[in-house]
Every structure is written in C-alpha cells, then in structure tokens.
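S.K.: predicted model, plus sequence, below.
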Amino acid sequence: MDFNFTETQSMLRDTLGRYLADNYDFDKRQAMLARDGGRDPGQWKALATELGILGAALPEQYGGFGGGPIDSMVLMEELGRAIAVEPYIPTVVIGAGALVATGGEHAETLVPAIIGGEAIIGAGFYEPQGRYNLADLKTTAKADGSGWTLNGHKAVVLAAPYATHLLVTARTAGSQREARGVSLFLVEANTKGVVRRDYPTVDGNMASEVYFENANVGPHALLGAEGGALPLVEQLIDHATMAACAEATGAMRKLHELTLDYAKQRKQFGKAIGEFQVIQHRLVDMFMEAEQATSMTLMGTLRLDDPERTKWVSQAKAKVNKGARLLGQAAVQTHGGIGITTELAAGHYFKRLSILETQYGDYDYHMGRLEALI
C-alpha cells in the first residue's frame with residue numbers, strides 16, 4: 001500500500017494552503033462570520049474558479065481531475081487548519097458523490113455546476129428521533145400523478161441556508177426503521193412546500209431545520225432505484241466521515257501550533273510556561289494525538305473501497321474523536337480562561353473540534369458499530 005502523496009496532491013495542498021493563509025486568516029474569518037448569512041460567497045467561488053480545486057476528487061467525464069478520497073482528504077486538512085466555513089463535504093463529497101453514483105441527467109448538468117461553484121448542496125439524511133440511524137425515517141415520499149409529495153423534518157442540514165439543492169432521504173415503503181424502502185431525492189431549494197429554519201451553529205457554520213410540507217417534486221427528483229438507497233447513503237456518509245476526520249486532523253495540528261506558540265510567550269514566575277516540564281509533557285501528548293489521528297485518517301481513507309469499509313471508518317473516527325477531545329481540552333487548559341474567549345483563535349478551534357467529534361457519529365456510536373462488526 002502506497003502512503004506517499006502524488007505530485008498533484010502535494011500541489012493541491014500547497015496551492016490551497018497558500019490561498020487560505022492569504023485570504024482566510026482568523027481575522028478575515030471572523031469578519032465573514034459577522035456578515036449577513038455568516039459567510040462570504042466569493043470564497044467558495046474562488047475555490048472553484050481561481051484555484052479550480054472543487055473538481056479534484058471528481059471524475060474527468062464531468063470536468064473533474066479524476067482524483068478520489070485522498071484528494072478530498074488533502075483539501076479537508078487544509079480547510080481544517082483554517083477552520084473554513086465552506087460546504088465542501090455536503091456539496092462535493094456527499095452531493096456530487098451521490099450524483100456520480102446514480103448518473104443520468106442530473107449528474108451531467110449538476111456535477112459540472114458543482115465544480116464551477118454554481119451549485120451548492122445541503123445533505124439532509126438525519127432526523128431528530130433517529131440519532132445516527134440513517135434508516136430511522138419519518139419523512140415520507142408518496143407517488144402522485146406528477147411525481148412525488150414529500151412530508152417530514154430533517155435536522156441540522158449544513159449549508160441548507162444558502163444551498164441551491166437539497167439531497168434528502170425519504171421513506172417510500174417499509175416501517176420507520178426498516179432498511180428496505182429508503183429512497184434518495186434531489187430537491188431544488190426553492191421548491192414550494194420546503195420550509196427552513198436557519199441558524200448558526202456553535203462553530204460558526206450555518207445550518208437549517210428543513211421541513212417538507214406537501215412539497216411536490218417531479219419524477220426526475222428520485223435518484224437511483226426507489227426503496228434501495230440505504231447502501232448508497234451509508235457509503236456516502238462513510239466518505240463524509242473520513243473527510244470530517246481529515247478536517248479534524250488539520251484543526252488539531254493548527255491548535256497544537258497555537259498552543260505551542262502561547263506556551264513560549266506566556267510567562268509565569270519569571271519564565272515562559274513552556275519551560276515547565278508538565279507543560280512540555282502536555283504539548284507532547286497533544287502532538288502525539290494529532291499524529292495518531294492523521295495516521296488513522298489516512299488508513300481509513302485508503303480503505304474506503306475495502307469490503308470491510310465500515311470497520312476501518314469506525315476505527316478511524318473513534319480515534320479521531322477521542323484525540324480531538326483530549327487535544328482540545330489540553331489546549332484550553334494551557335491557555336487558561338483566555339482559551340475560550342471570542343478574541344482568541346484557540347477557542348474557535350476547540351468549538352470546531354467539539355462539533356466534528358459528534359458529526360457523522362460520536363465515539364460511543366462508532367465503538368458500538370465496531371463491536372457489532374467484530
């Protein structure tokens with residue numbers, strides 16, 4: 001198994017890293033969050049047109065570079081270092097991933113639009129009562145003469161406030177938690193009957209509670225086979241999970257760097273606190289957690305095509321979740337009270353890592369899934 005990055009992947013990392021350093025530093029990020037809508041749309045457009053990186057992991061037949069999950073991992077690490085509030089995972093990893101897998105007219109038109117920064121997708125697979133169970137659905141889709149009528153509620157749909165399309169699951173057959181009967185729909189965000197309650201999340205991203213109130217969509221809104229979407233959805237979420245792990249490793253590395261710099265500058269009893277052995281040990285522990293999380297993320301990403309994919313993904317996510325919490329808490333403890341203030345970057349990294357720890361499955365969920373698999 002080759003653990004070396006290709007020249008193209010290294011170039012992607014360097015290009016994005018330089019751009020974010022120049023255009024997405026902490027102060028500029030804070031200014032973006034203060035804007036109406038909580039983001040700067042020009043940043044997403046720049047990633048698409050100036051850098052051309054949104055197609056790095058997508059097939060050449062749609063205008064992409066022909067890469068894959070490792071390319072997404074490289075990009076997400078850099079986005080994590082900047083705690084960027086860009087919708088790469090819901091739009092590129094999940095949205096474009098679903099379109100490529102199902103093919104057809106939607107893929108031919110929307111995947112190039114995603115690569116060009118024109119289409120943004122919010123992925124709504126989770127519901128309030130379902131926790132992390134992707135089959136636990138109360139949202140229904142009933143066939144009518146002109147297509148489908150959707151009714152239900154999707155929780156914490158990231159990027160939904162500014163998305164052009166929503167990718168959602170709905171039950172077309174079977175009981176509430178049955179694997180059979182789960183279908184996948186692509187809905188235009190401005191469809192009549194789609195109601196949103198938008199809000200900022202604690203880490204600065206924007207999300208929505210999305211309600212379908214007799215929302216009528218055409219027959220073309222169904223992606224793939226009716227009632228057989230659950231395996232694809234599970235695959236998409238595993239890919240998104242590894243992309244989120246990569247984002248976490250980038251944030252962990254940056255938070256360790258910030259804490260190391262602070263320990264060199266903060267003085268107590270006439271010397272920098274970084275000279276105290278207990279602080280040195282803590283900084284080494286933080287470094288080791290970031291290194292281990294990076295290794296597990298790379299292994300899990302390389303195994304996304306493995307027949308035992310779910311085992312590798314859960315191992316990686318459980319380790320990253322545990323490491324992110326330990327590193328984040330150590331960083332805040334080292335900084336003291338200033339570590340959770342709005343003015344200091346460290347607190348924002350801690351918040352982002354806390355959200356990533358629960359996104360796509362927390363530690364208990366993935367350990368439980370591992371137990372069931374093993």
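M.R.: It's in. Numbering: from 1, shown residues only.
S.K.: need the contact list for residue 220.
M.R.: Neighbouring residues of residue 220 by Cβ atoms under 8 Å, 6 or more residues apart in numbering: 105, 106, 147. Glycine gets a C-beta too; all of them are placed from N, C-alpha and C.
S.K.: taking those, please make a ChimeraX selection of just the buried ones.
M.R.: Typed into ChimeraX, the line below selects the buried ones among these, using 16 or more other Cβ atoms under 10 Å:
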select :106,147
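S.K.: among the contacts of residue 220, which lie within helices?
M.R.: Per DSSP state H, helices hold the following members of the contacts of residue 220: 105, 106.
S.K.: let me see the domain layout of this structure.
M.R.: Using automatic domain parsing, the domain ranges for the chain come out as 7-119, 122-228, 231-373.
S.K.: I'd like these as CSV, with mean pLDDT appended.
M.R.: Formatted as CSV, the domains of the chain follow (pLDDT from 0 to 100):
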stretch, mean pLDDT
domain 7-119, 96
domain 122-228, 96
domain 231-373, 96
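S.K.: now, among the contacts of residue 220, which is nearest to residue 118?
M.R.: Nearest to residue 118, judged by Cβ to Cβ, of the contacts of residue 220 is residue 106 at 14.2 Å.
S.K.: tell me who's in contact with that closest one.
M.R.: If you count contacts by Cβ under 8 Å, 6+ apart, residue 106 has them with 99, 186, 220, 223.
S.K.: need the contacts of residue 220 in JSON lines with distance to residue 314, can you?
M.R.: Listed next are those as JSON lines, based on distance: Cβ to Cβ, whole Å:
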{"residue": "105", "distance to residue 314": "35"}
{"residue": "106", "distance to residue 314": "31"}
{"residue": "147", "distance to residue 314": "37"}
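S.K.: wait, which of the contacts of residue 220 is closest to residue 298?
M.R.: For the contacts of residue 220, the closest approach to residue 298 (Cβ to Cβ) belongs to residue 106, at 32.0 Å.
S.K.: quick one: that closest one and residue 159, what's the gap?
M.R.: When distances are taken as Cβ to Cβ, to the nearest Å, residue 106 and residue 159 turn out to be 18 Å apart.
S.K.: likewise for residue 289?
M.R.: 29 Å.
S.K.: show me the contacts for the spatially closest residue to residue 73 that is not a sequence neighbour.
M.R.: Once flanking residues are discounted, residue 73 sits nearest to residue 246: 4.2 Å by Cβ to Cβ, 6 or more residues apart in numbering. Applying Cβ under 8 Å, 6+ apart to residue 246 gives the contacts 72, 73, 74, 76, 77, 80, 297, 301.
S.K.: check contacts around the fifth one.
M.R.: If you count contacts by Cβ under 8 Å, 6+ apart, residue 77 has them with 13, 246, 247, 249, 250, 253.
S.K.: in those, find the pair that's most separated.
M.R.: Maximum pairwise distance in the contacts of residue 77, criterion Cβ to Cβ, is 13.7 Å, between 13 and 247.
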